[in-house]
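S.K.: Using only what follows, build the 3D model:
(2 chains)
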2 protein chains.
Amino acid sequence: MDSNLSYQQVLKEGENLYHPGLSIDCVIFGFHKNELKVLLLKMKYSDKWALPGGFVLREENVEDAAARILEARTGLEQIFLKQFHLFGDTRRSDSGFNREFLEQHGIPYDKDHWLLQRFVTVGYYALVNFANAVPRPDPLSEACEWKDLQQVSLLRHDHNQILDKALETLRQELRYQPIGYNLLPKKFTMRELQKLYETILGKKLDRRNFMRKVLSYGILKKTGEVRTGAAHTSPQLYTFDLARYKQALQEGLQKVW
Amino acid sequence: MDSNLSYQQVLKEGENLYHPGLSIDCVIFGFHKNELKVLLLKMKYSDKWALPGGFVLREENVEDAAARILEARTGLEQIFLKQFHLFGDTRRSDSGFNREFLEQHGIPYDKDHWLLQRFVTVGYYALVNFANAVPRPDPLSEACEWKDLQQVSLLRHDHNQILDKALETLRQELRYQPIGYNLLPKKFTMRELQKLYETILGKKLDRRNFMRKVLSYGILKKTGEVRTGAAHTSPQLYTFDLARYKQALQEGLQKVW
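M.R.: Predicted structure coming up:
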């Protein structure tokens, strides 16, 4: 929703405000204390949670709309948002849900109301440091919360499918793109980096293989410092070599061909 | 365009037929004799070539629309089409072009005509065996031809950008997905497979490294036969192990993590 308008205005006049039949849904993953979470909204009068989303203004680039929606829900600006798929099945959205929704909010409608038409939706995902994001429900929602990925129940429309596809994309991209900057503290141990990978992949990795492979990418620098305070061990602290990290984002982690 | 309607009907009544503000553009790569080509259309009255594309019927899945458009242009059915990006910038399409187009075809219009509105477009790409595809111009086009990638000039709207993004996606996917089935003959030499990779990547590869890497994926079987007839050499013939090939399409070529 566009925060400069009342939700009643938006619901009535959306047809003039927005590009028709197109929505955006954001899968915002948060990483915190070795857990992967996803940001979900619960709309008023609804018993289902949903991905935060919105519409594209008639004079707005789709990329800009996605950034605006992310900022509105999390307060985060200039976050790396990645478009991953357009969901375009005819039966993907539930117009019965939207009809009830209009009734519950007392908005008059007829069968041609813009919210009752078919929508295709563009999925974007972001991976954010959950400690920096402050979830904000919009006027149509009663809650906006981080949920454990394991505990996500049946979502509205096809949002479970959108979430699954985002996670699948993220896991694929771990194969050839670096990850961790903005998610880990500036200095981190090899164990902490491994935990990030394990959390996203949803499985344990072999410690030696992980270290050998991740060092082979040349994106890490030793700081020369160790983490003190832990019992029995003083693990080395690493940091990202940002120039190489950014190069790897462009060119991939390994020269395959 | 939907082939069951005259183009005049489509141009006049598109608003009722199609999902609003949404188009599809297909980047159809063809491989033949070690060359990579792309299928382009030239519309009547236009001096610019364009990617073949179309619109999504109101009751049609976006995926199905892409397959329909591919079949209409190439006669190819059940081809692997991959969605790669939604292009959603406000300035991406040229409404001046569409206005001229309506005038040239003698279609009456006002400023609200559906073709003069903003369109976002979904890009799909396919890689086909060019020998099996018979390019077919539609009634609005004067030509539909395979063009060498190197010789593609300035295309209509943002189609050069769409083509570049498709090629970039294809090259990225070569890092972790198998390729070649349906493009190479059933039995092929290592040199022929290498040529396919070199053509897509646009660069030479080291013969030994290529062979070592591609064999490590476990998707090739030796047939025990050799190609005869060439001077001085009798290269081994390989074939794809289809079960492993399909598994690699699902899971990636290498276990990275």
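S.K.: For the stretch 101-250 of chain A, which residues score under the pLDDT cut-off?
M.R.: A:230 (pLDDT under 70).
S.K.: list the contacts for the residue in it that chain B sits nearest to?
M.R.: The nearest approach of the stretch 101-250 of chain A to chain B comes at A:Arg175, 4.3 Å away (C-beta to the nearest C-beta). Yep, even glycine has a C-beta here, placed from its N, CA and C like the rest. A:Arg175 makes contacts with A:253, B:176, B:252, B:256-257, as judged by C-beta atoms under 8 Å, 6 or more residues apart in numbering or on different chains.
S.K.: can you name the two of those residues that are farthest apart?
M.R.: A:Leu253 and B:Gly252 (13.7 Å; C-beta to C-beta).
S.K.: Which one of the two is surrounded by more residues?
M.R.: Using other C-beta atoms under 10 Å in any protein chain shown, the more surrounded residue of A:Leu253 and B:Gly252 is A:Leu253, with 22 against 18.
S.K.: right, and the more buried one touches A:Val214 too?
M.R.: No: shown here, A:Leu253 and A:Val214 do not form a contact pair, counting by C-beta atoms under 8 Å, at 9.2 Å.
S.K.: Get me the contact residues on the stretch 1-150 of chain A for chain B.
M.R.: A:19-22, A:56, A:58-63, A:65, A:83, A:85-86, A:88-90, A:118, A:120, A:122 (C-beta under 8 Å from any C-beta of the partner chain).
S.K.: do that again at 6 Å, thanks
M.R.: A:19-21, A:59, A:61-62, A:86, A:88-90, A:122 (C-beta under 6 Å from any C-beta of the partner chain).
S.K.: Give the PyMOL command for selecting the buried subset of these.
M.R.: The PyMOL command for the buried members of the residues of the stretch 1-150 of chain A next to chain B (criterion: 16 or more other C-beta atoms under 10 Å in any protein chain shown) is given here:
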select buried, chain A and resi 19+20+21+61+62+86+88+90+122
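S.K.: So which of the residues of the stretch 1-150 of chain A next to chain B sit within strands?
M.R.: Judged by DSSP state E, those include A:19-21, A:86, A:122 as members of strands.
S.K.: can you name the two of the residues you listed that are farthest apart?
M.R.: Largest separation among these by C-beta to C-beta: A:Pro20 and A:Leu86, giving 15.1 Å.
S.K.: picking up where we left off before, may I see the contacts of A:Arg175 organised as TSV, with secondary structure and distance to A:Lys44 added?
M.R.: Compiled in TSV, those are given as follows (DSSP: H, G, I helix; E, B strand; the rest coil; distance: C-beta to C-beta, whole Å):
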residue	secondary structure	distance to A:Lys44
A:Leu253	coil	45
B:Tyr176	coil	44
B:Gly252	coil	43
B:Val256	coil	44
B:Trp257	coil	41
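S.K.: Serialize these to CSV and add fields for distance to A:Asn34.
M.R.: Formatted as CSV, those follow (distance: C-beta to C-beta, whole Å):
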residue, distance to A:Asn34
A:Leu253, 22
B:Tyr176, 27
B:Gly252, 25
B:Val256, 21
B:Trp257, 16
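S.K.: Closest one of those to A:Trp146?
M.R.: B:Trp257 (24.8 Å).
S.K.: just the contacts of A:Arg175 now: which is nearest B:Phe130?
M.R.: Nearest to B:Phe130 among the contacts of A:Arg175, with distances taken as C-beta to C-beta, is B:Tyr176, at 24.9 Å.
S.K.: Apart from its chain neighbours, what residue comes closest to that closest one?
M.R.: The shortest distance from B:Tyr176 to any non-neighbouring residue, by C-beta to C-beta, 6 or more residues apart in numbering or on different chains, is to B:Gly252 (4.6 Å).
S.K.: I'd say that neighbour and B:Gln177 touch.
M.R.: No: counting by C-beta atoms under 6 Å, B:Gly252 stays clear of B:Gln177, with 7.0 Å between them.
S.K.: just to revisit the earlier point, where does the residue of the stretch 101-250 of chain A closest to chain B sit: helix, strand or coil?
M.R.: coil (DSSP: H, G, I helix; E, B strand; the rest coil).
S.K.: Please identify which helix or strand holds A:Lys165.
M.R.: Taking DSSP states H and E as the criterion, A:Lys165 maps to helix A:159-173.
S.K.: Sort out which residues of that helix are buried, please.
M.R.: Applying 16+ other C-beta under 10 Å to helix A:159-173 flags A:159, A:162-163, A:165-167, A:169-170, A:172-173 as buried.
S.K.: C-terminal to that helix, which secondary structure element comes first?
M.R.: Using DSSP H and E, the first helix or strand after helix A:159-173 is helix A:190-201.
S.K.: what angle do that following helix and helix A:159-173 make?
M.R.: Computed with axes from the mean of the first three to the mean of the last three C-alpha atoms, to 10 degrees, the direction of helix A:190-201 lies at 140 degrees from that of helix A:159-173.
S.K.: which secondary structure elements does helix A:190-201 contact?
M.R.: On a contact count with 3 or more C-beta pairs under 6 Å, 6 or more residues apart in numbering or on different chains; DSSP states H and E, helix A:190-201 meets no helix or strand.
S.K.: hmm, whatever helix or strand comes next after it touching chain B?
M.R.: Using DSSP H and E, the next helix or strand after helix A:190-201 towards the C-terminus is helix A:207-216. No: using C-beta under 6 Å from any C-beta, helix A:207-216 never reaches chain B; the gap is at least 7.7 Å.
S.K.: circling back: and the helix holding A:Lys165, what does it pack onto?
M.R.: strand A:18-32, strand A:81-87.
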